[in-house]
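> just coords:
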C-alpha cells in the first residue's frame, strides 16, 4: 500500500477537526510527489539498468 493510500485510510478514521500542520505537510508531500523526475536522474537509471543487463548476459 502506498503512503498516499495509507494516509487516505488514516484520514477516514480521524476526527474531522482541521489541523493546519497536517494540512501543510500533506500539501508539501503532494507537491513533491507531483514533481517530474529530472532527465539526468532518468538517464542514470537507464544507464544502471543497461549495465545490470550486460552483467547478467556475461
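Cool, got the structure. Just so we're clear, the structure is a prediction, and the values are computed from it rather than from any experiment. Numbers count the residues shown, from 1 in each chain.
> all contacts plus neighbour counts: C-alpha atoms, from now on.
Fine.
> what about residue 17, which SS state?
coil (DSSP: H, G, I helix; E, B strand; the rest coil).
> okay, it: pLDDT?
The predicted structure scores residue 17 at 89 on the pLDDT scale.
> One more: the one 5 residues further on?
As predicted, residue 22 sits at a pLDDT of 95.
> Which residues does the helix or strand hosting it contact?
Assigned by DSSP states H and E, residue 22 belongs to helix 20-34. Applying C-alpha atoms under 8 Å, 6 or more residues apart in numbering, helix 20-34 has no contact partners.
> Would you mind identifying the next helix or strand past it?
Next element after helix 20-34 (DSSP H and E): helix 39-57.
> just to revisit the earlier point, mind checking how far the helix holding residue 22 is from the chain centre?
12 Å (C-alpha atoms, centre = their mean, to the nearest Å).
> Tell me the buried residues in it?
Counting neighbours by 16 or more other C-alpha atoms under 10 Å, one finds that helix 20-34 has no buried residues.
> pLDDT at the spatially most central residue of the chain, what is it?
Note on the chain: the residue nearest the mean C-alpha position is residue 33, at 5.0 Å, using C-alpha atoms, centre = their mean. Residue 33 carries a pLDDT value of 92.
> try residue 44
Residue 44 is given a pLDDT of 96.
> Contacts only, for it.
With C-alpha under 8 Å, 6+ apart, residue 44 has no contacts at all.
> make it 10 Å
Residues near residue 44 by C-alpha atoms under 10 Å, 6 or more residues apart in numbering: residue 50.
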